[in-house]
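[1] Fold the following, please.
(one chain, ligands or ions: 1)
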Amino acid sequence: MLALSLLMGVALLSPVGPTQVSGRIPVHLDIESLVPDISSAPLPAQTLDHTPAFARTIVSGDTLSGLFSKAGIDQQTMYKVLEADLNILALDTLMPGNRISFWTDEQGQLQKLQLWFNAARQVVFNRYEDGSFSVDEVEIEGDWQQRIVSGEIHGSFYVSAQRMGLDAAEIQKVETLLKEKLNFARDLRAGDSFSVLLNDQFVEGESTGNSQILGISIDSGRSHITAFQHSDGNFYDQQGQSLARAFQRIPLTKQYKLTSHYNPKRKNPVTGHVAPHNGTDYATPIGTKVVAPGDGVVVMVTDHQFAGKYIVIEHGNKYRTRYLHLSKALVHKGQRVSRGQVIALSGNTGRSTGPHLHYEFHVNGKPVDPMKANIPMASQLSAKELAQFSSLVRERQALMRLG
Ligand SMILES: [Zn+2]
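    Numbering: from 1, shown residues only. Model prediction:
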C-alpha cells in the first residue's frame, strides 16, 4: 500500500503533460494508516442545526484517516462511512479544494458527514440508529454556458491549445477523441488552425469546473477534421460516422455465469437499509482477463477496504465504467485504452464473498444496468438521427466560426 502510494505520488508530481488527466493533484486517501492519537482534541458540544464540529478544505497530502482523526472521529466509525460509500466510492475522489464537514452529537459521535466537490455536487452521509450510514448524492444541474477556444498551431497542439485557454483535461479529451483521425505529433504544422466549442457549468454564477466538449474543428489546409457531440453523448464526424468504436456489452472475452444483477432497490438482509447493487457480478475465477468495453481514459486505479482493487474508465463525456475486487490492474491512471484491451485481472479483493468481477456502467454519473443500458453499440447514426445531428452541426459550426 505504501509503495503504491509512493509510486502514485511520483507519477502525480511529474510535469504536466498531455497524458495527464487533470492539472489538479488528487489527495492520497490512505485509509490503512492508523493515526492513534484521537483523544487529544476534545470537541465542543454541537447540534446538527449549527455549524459543523469540524470542517476543512482538502489540501494535497491529506489522508482520510488523518481527517477523521482531526475531527475526533474513531476509525471504526470511519469504516462504517466507507462501507456506506461502497455504493458510490465518492471518498476516493476527493481532491484539493474540495471540502469535508463533520457534524457530531453531544457525545462527539458522528451524525452527518458532507463532502463538497463543487457547487453542483455534494455527497452526504447520515448516521442510522444502528450506527451504519446512509449515503445521498446531491446533484444540481445549474446553467451551462458555451465557450469557444480557437487559435493557430505554433509549437505542439498541447502548447497551442493551452495558450488559448484549454486546460490539460480538455486537451486530453480532444486528443483522445481524434486519435484515430489525426497524429497530433506528426500531422500538424505551424499556422494550422483549430476551434473547440465547450459547455461550462455554473451554479448561481459560480463555475463548477465541469465542462463538456461540444465540437472540434481542426483545419490544416490539407485536411479538415471535425467532431461533434450528438445528444447520445457520442462523437461523430460531419457525416455521422462515430469517432469511437461501439461498446461491447460485457468487459470479458467470454461468457461467465451472472451471479448478481444490478438492483437499485436491494436491501441489506441484516440491517434492512436500502443498499443498491450498482453493478453486475460475473463468476470469474481469479486471474480472468478483464477488457475495456469501449475506448476511454483510465481515471482511477486504487485500493479500497470494501471495493478491493478497482479501476474507473471514462468513455467521453457521458459514460464511465467501474471494475471492482480485481487481483491486478494492468493499466495506470491517465492511460488511454481501446475497446478490447486487457485492463486487469479479476480477483476477490476487498469485501467479497468469492472470486468475481463486479462491473458498473454509469451514464451521466448515474449507475445503470450494464446488461440493459442503451449504450452506443453501432458506429453510424440512423437516417433519422443524422437529420437531427446535421442541424446541430450547422448551428455549432456557425458559432465556432465566430471564435
Ligand atoms: Zn457486485
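[2] Near the ion, which residues of the stretch 301-403 of the chain are found?
    His358 (CB under 5 Å from the ion). C-beta coordinates here come from the backbone N, C-alpha and C atoms, glycine included.
[3] ok, whichever residue of the stretch 301-403 of the chain sits closest to the ion - contacts?
    Going by CB to the ion, the ion is nearest to His358 of the stretch 301-403 of the chain, at 3.4 Å. Counting by CB atoms under 8 Å, 6 or more residues apart in numbering, His358 makes contact with Gly279, Thr280, Asp281, Ala307, Tyr323, Leu324, His325.
[4] how about a cut-off of 6 Å?
    Neighbouring residues of His358 by CB atoms under 6 Å, 6 or more residues apart in numbering: Gly279, Asp281, Leu324, His325.
[5] In JSON lines, list those residues along with secondary structure.
    Formatted as JSON lines, those follow (DSSP: H, G, I helix; E, B strand; the rest coil):
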{"residue": "Gly279", "secondary structure": "coil"}
{"residue": "Asp281", "secondary structure": "strand"}
{"residue": "Leu324", "secondary structure": "strand"}
{"residue": "His325", "secondary structure": "strand"}
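[6] Going by neighbour count, which of those residues comes out on top?
    Ranked by the number of neighbours (other CB atoms under 10 Å), the contacts of His358 place Leu324 first, at 28 neighbours.
[7] OK, contacts around that one?
    With CB under 6 Å, 6+ apart, Leu324 has these contacts: Ala307, Gly308, Tyr310, His358.
[8] From these, which land in helices?
    Counting by DSSP state H, no part of the contacts of Leu324 is found in helices.
[9] Let's verify Gln172: helix, strand, or coil?
    Secondary structure for Gln172, judged by three-state DSSP, is helix.
[10] again with Asp92
    helix.
[11] That one and the ion: what is the separation?
    Applying CB to the ion, to the nearest Å, the value for Asp92 to the ion is 17 Å.
[12] can you give me the helices in this structure?
    2-13, 64-70, 75-85, 157-163, 168-177, 383-402.
[13] Ile58 against Leu94, yeah?
    Yes. Counting by CB atoms under 6 Å, Ile58 does reach Leu94; the two are 5.4 Å apart.
[14] Where is the longest strand in this protein?
    Identified as the longest strand of the chain according to DSSP state E is strand 206-219.
[15] gap between it and the chain center?
    From the chain centre to the centre of strand 206-219 is a distance of 17 Å (CA atoms, centre = their mean, to the nearest Å).
[16] Likewise for stretch 185-197?
    Stretch 185-197 has its C-alpha centroid displaced from the chain centroid by 28 Å (CA atoms, centre = their mean).
[17] Now tell me which helix or strand of the chain has the poorest mean pLDDT.
    Taking mean pLDDT, DSSP states H and E as the measure, helix 2-13 is the helix or strand of the chain with the lowest mean score, a mean of 36.
[18] which residues sit in contact with the residue in the stretch 201-350 of the chain that the ion sits nearest to?
    Residue of the stretch 201-350 of the chain nearest the ion, by CB to the ion: Asp281 (4.1 Å). Asp281 makes contact with Thr259, Ser260, His356, His358, according to CB under 6 Å, 6+ apart.
[19] So which of the residues you listed are in strands?
    Using DSSP E, the subset of the contacts of Asp281 located in strands is Thr259, Ser260, His358.
[20] In contact with His277: list those residues for me.
    The contact partners of His277, by CB under 6 Å, 6+ apart, come to Asn263, Arg266.
[21] I'd like the ones in strands among the contacts of Asp281 as JSON lines, with distance to Ala344 and pLDDT appended.
    Shown next, in JSON lines, are these (distance: CB to CB, whole Å; pLDDT from 0 to 100):
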{"residue": "Thr259", "distance to Ala344": "19", "pLDDT": "94"}
{"residue": "Ser260", "distance to Ala344": "19", "pLDDT": "94"}
{"residue": "His358", "distance to Ala344": "12", "pLDDT": "97"}
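[22] Go ahead and name everything in contact with stretch 147-164.
    Contacts with stretch 147-164, where a contact means CB under 6 Å, 6+ apart, come from 18, 165-166, 171, 184, 188, 190-193, 195-198, 200, 400, 403.
[23] just the buried members of those residues?
    18, 166, 171, 184, 188, 192, 195-198, 200, 400, 403 (16 or more other CB atoms under 10 Å).
[24] Just give me the closest of these to Arg394.
    Proximity of these to Arg394 was ranked by CB to CB; the top entry is Met400 with 10.9 Å.
[25] ok, that closest one touching Ser195?
    Yes. Taking CB under 6 Å as the definition, Met400 is a contact partner of Ser195 at 4.4 Å.
[26] Enumerate the residues of this protein near the ion.
    Counting by CB under 5 Å from the ion, the chain sits next to the ion at Gly279, Asp281, His358.
[27] Provide a list of residue ranges in the stretch 251-400 of the chain with pLDDT below threshold.
    378 (pLDDT under 70).
[28] at 90 instead, please
    Low-confidence segments of the stretch 251-400 of the chain, defined by pLDDT under 90: 267-276, 295, 315-318, 353, 364-366, 372-385, 399.
[29] swap in the stretch 51-200 of the chain?
    Checking the stretch 51-200 of the chain against pLDDT under 90 turns up 51, 87, 169, 172-173, 176-187.
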